[in-house]
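Undergrad: Give me a 3D structure for the following:
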Amino acid sequence: MKLFRLAAVLAVLAGPAYAQMPNINLMQDAPSKSPEEKAIEAEREKAYKETLKKIPDTKASSDPWGGMRAEHPKQPAAPKASSAATSAPKKAKSGTAAN
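TA: Coordinates of the predicted model:
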């Protein structure tokens, strides 16, 4: 009975390790291509690459909100020498009682 338990524990522990093993297939799935097929495929690749060259390059972004966003973070404002000397008297809001 102990041997059965040991075998069960080993099987449970070896399962995940076995699942991670690469699946190596030494047999070829399909026969190799004939020289004619290789030439046709090379011609098709060449035509594809030529077609890609005909596509025009993309122009500037057409983002309508692009000008609204800041490109660089704003620099903090320079410290003022004296806030009391440079501040002007505040105007009273309309509709409020004045002194």
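Undergrad: Going along the chain, name the helices of this protein.
TA: Ranges of helices in the chain, per DSSP state H, are 2-19, 35-54, 83-86.
Undergrad: Take the ones you listed and lay them out in CSV including mean neighbour count, distance to residue 64 and mean pLDDT.
TA: The way it works is simple: take the backbone N, C-alpha and C, and place the C-beta from them, glycine included. Below are the helices of the chain laid out as CSV (neighbours: other Cβ atoms under 10 Å; distance: least, Cβ to Cβ, whole Å; pLDDT from 0 to 100):
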stretch, mean neighbour count, distance to residue 64, mean pLDDT
helix 2-19, 9, 51, 81
helix 35-54, 9, 29, 95
helix 83-86, 7, 40, 53
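Undergrad: Output those as a markdown table; include the columns distance to residue 29.
TA: Formatted as a markdown table, the helices of the chain follow (distance: least, Cβ to Cβ, whole Å):
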| stretch | distance to residue 29 |
| --- | --- |
| helix 2-19 | 23 |
| helix 35-54 | 16 |
| helix 83-86 | 79 |
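Undergrad: For residue 62, find the nearest of the ones you listed.
TA: Across the helices of the chain, residue 62 has its closest neighbour in helix 35-54 (21.5 Å, Cβ to Cβ).
Undergrad: Now do the closest one: which elements does it pack against?
TA: Counting contacts by 3 or more Cβ pairs under 8 Å, 6 or more residues apart in numbering; DSSP states H and E, helix 35-54 is packed against no other helix or strand.
Undergrad: and residue 11, how far is that from residue 1?
TA: Using Cβ to Cβ, to the nearest Å, residue 11 is found at 16 Å from residue 1.
Undergrad: Also residue 10?
TA: Taken as Cβ to Cβ, the span from residue 10 to residue 1 is 15 Å.
Undergrad: Repeat that for residue 35.
TA: 66 Å.
Undergrad: cool, and residue 65?
TA: Distance from residue 65 to residue 1, counting by Cβ to Cβ: 74 Å.
Undergrad: before we move on, what about residue 40?
TA: 66 Å.
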